[in-house]
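Q: What follows is a protein structure lacking sequence information:
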């Protein structure tokens, strides 16, 4: 009899928990994944800025930028960087940025040819990048995408650094929607790429 009562009690608890977990009124958060917007509306150069091949190295990152979670900072706590729990990039920022930068350089016809760096495929020039900031900055009634990117252009033949510069951009989002934040990151990067192209155009090589 006692055993029967225990079985009945366990069944009752199991059914109660099942109803709570599977109830229609329970909203279980789901993960959201974002990519960078495609590089578009780029006017190609009639003459490449680099009269040779260009290899784009893996983008360097550190700390929390190794992870896929989108990072945010609140205006009230500017020294505290937090990862979102349900908002992620489809890949690590380093991987996304390398492909995004490569797509821009190809459309721009920046060099005679441009490709990802490979040790078995030497190039005339090498572009290195370090992503230092890639955060969503939240104000009381708005948000913005903040990007800090250091770019280093090397001449592999002369072993010289042709350009080393740190670029920063802050782009306000159109709304609080995370998709608009992803677009703002794309806008910030597009401006940085354009500034980098202008800087390379002024070099005496």
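A: In hand now; what should we look at? All figures in this text were calculated on a predicted structure; none of them were measured in a lab.

Q: Please report how far the residue most central in space within the chain lies from residue 48.
A: A centroid search over the chain (C-alpha atoms, centre = their mean) returns residue 93, at 3.6 Å, as the residue closest to the centre. Separation of residue 93 from residue 48 (C-beta to C-beta, to the nearest Å): 28 Å. From N, CA and C alone the C-beta is placed, and that goes for glycine too.

Q: doesn't residue 109 make contact with residue 42?
A: No. Assessed by C-beta atoms under 8 Å, residue 42 is found out of contact with residue 109, at 9.3 Å.

Q: give the contact list for the spatially closest residue to residue 136 that is not a sequence neighbour.
A: Of all residues not flanking residue 136 in the chain, residue 72 sits nearest, at 4.3 Å (C-beta to C-beta, 6 or more residues apart in numbering). By C-beta atoms under 8 Å, 6 or more residues apart in numbering, the contact list for residue 72 reads 81-84, 135-138.

Q: now residue 85
A: Applying C-beta under 8 Å, 6+ apart, the residues contacting residue 85 are 29, 69.

Q: now the helix or strand that contains it: mean pLDDT?
A: Using DSSP states H and E, residue 85 sits within strand 77-89. Average pLDDT, strand 77-89: 96.

Q: what packs against whichever helix or strand comes after that strand?
A: Scanning forward in sequence from strand 77-89 by DSSP H and E, the next helix or strand is helix 93-108. The contact analysis (3 or more C-beta pairs under 8 Å, 6 or more residues apart in numbering; DSSP states H and E) places helix 93-108 against strand 50-56, strand 111-116, strand 125-138, helix 178-201.

Q: This completes my enquiry, with thanks.
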